[in-house]
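> structure here, sequence nowhere to be found:
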C-alpha cells in the first residue's frame, strides 16, 4: 500500500480531486490508520479556523450591540445577545479543546518516544551447521553486548554482518554516536556487499534521531516509507508524518 501524501488530503478536503482520486484517498483513509489520523487533524484544524472566524464575528456583533444599547435605553430583554454569548462560549470551548490536543501532541512526541515505539530488537537467524557459529554471533544471541563489541574490535577483516552486530550492540547500550558510525560503515559497503543494507538503514535512522541528527533520521525514515518493498516498510509506515514534522520542529 503506497503512502498517502498530505497534499492529497488537503486537495480532498478542498474538493479538488477527481472522482477516481477521491475514491483512492477514501480507500487509503479507511485502510491506513496514519492516513485517517492525518485527515482527522486536518479536519480539526479547518474546524478551528472556522470557529475562530465565527468567534470574531460574534465579538463584532456583541460590540455593536453594546454600543447601540449604550445609546438607547433598553425596552425588552435582549435574548439575541444571550444567544451570541452562548455561541461565543461554545466556540471558545472548541478552540480550547483543539489547542489542548495540539499541545499534548507536541509535548508527547519526541525522539525518545518515537525510538521507544519503533525500536524492535534484532533477531539473528539460527543457521544450520557451523557457518553462523562464530563467537560474535553467539555473544549477540546471548545479548552480551559488550562482548560483541570487544570481539568486533579484534577482528582483522570485518564483514557487513560483523559491523552490523557491533552497531546493534552499541544501540542496545544506548551508545548512539558509536552505533551511527558503524551503521554508516555498513551502508558505505553497498557497492561491494549489500547484505544488512536495509537493516542498517532502519536502525541507523533510529540512531540518528537519538544522536540529535534529526534531519538525517527523518530523511532515512521517509526513504523507507516511500519503498513498499523495503524490509522495514511495515514498521516505518506506522510512523505518522505529523510526528516526524513535530520532531523536525523541535530540533
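In hand now; what should we look at? Please read all numbers here as calculations on a predicted model, not as lab measurements.

> any stretches of the stretch 1-150 of the chain with poor pLDDT?
Within the stretch 1-150 of the chain, the stretches with pLDDT under 70 are 1-7, 9, 41-85, 87-88, 91, 98, 101-105, 126-132.

> 80 instead, please
The stretch 1-150 of the chain contains residues with pLDDT under 80 at 1-17, 19-23, 25-26, 28-108, 125-133.

> so where does residue 115 fall, helix or strand?
Taking DSSP states H and E as the definition, residue 115 sits inside helix 111-118.

> other SSEs contacting that helix?
When contacts are defined as 3 or more C-beta pairs under 8 Å, 6 or more residues apart in numbering; DSSP states H and E, helix 111-118 packs onto helix 197-210, helix 241-250. Every C-beta, even on glycine, is put in place using the N, C-alpha and C of the backbone.

> in the helix or strand just after that helix, what's buried?
Beyond helix 111-118 on the C-terminal side, the first helix or strand identified by DSSP H and E is helix 135-141. Going by neighbour count (16 or more other C-beta atoms under 10 Å), the buried part of helix 135-141 is 136, 137, 139, 140.

> quick revisit: what's next to the helix holding residue 115, contact-wise?
206, 209, 210, 212, 214, 217, 235, 236, 238, 239, 243, 247 (C-beta atoms under 8 Å, 6 or more residues apart in numbering).

> what about the second one, distance to residue 239?
Spelled out, it's residue 209. 11 Å (C-beta to C-beta, to the nearest Å).

> and for residue 142?
In terms of C-beta to C-beta, residue 142 sits 31 Å off from residue 239.

> these two - which one has more neighbours?
residue 239 (20 against 10; other C-beta atoms under 10 Å).

> so that one is in which element?
Under the criterion DSSP H and E, no helix or strand holds residue 239.

> can I assume it is in contact with residue 224?
No. Using C-beta atoms under 8 Å, residue 239 makes no contact with residue 224, being 9.3 Å away.

> any weak-confidence spans in the stretch 151-251 of the chain?
For the stretch 151-251 of the chain (pLDDT under 80), the answer is 250-251.

> please enumerate the helices of it.
Using DSSP state H, counting those that start in this stretch, the helices assigned to the stretch 151-251 of the chain run over residues 160-172, 176-188, 197-210, 214-225, 233-236, 241-250.

> okay if I get the ones you listed as CSV plus distance to residue 149 and mean neighbour count?
Shown next, in CSV, are these (distance: least, C-beta to C-beta, whole Å; neighbours: other C-beta atoms under 10 Å):
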stretch, distance to residue 149, mean neighbour count
helix 160-172, 5, 24
helix 176-188, 8, 20
helix 197-210, 15, 23
helix 214-225, 23, 19
helix 233-236, 25, 17
helix 241-250, 29, 16
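
> still on that earlier bit, export the helices and strands packed on helix 111-118 to a markdown table and tack on distance to residue 96?
Rendered in a markdown table, the data for the helices and strands packed on helix 111-118 read as follows (distance: least, C-beta to C-beta, whole Å):
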| stretch | distance to residue 96 |
| --- | --- |
| helix 197-210 | 32 |
| helix 241-250 | 20 |
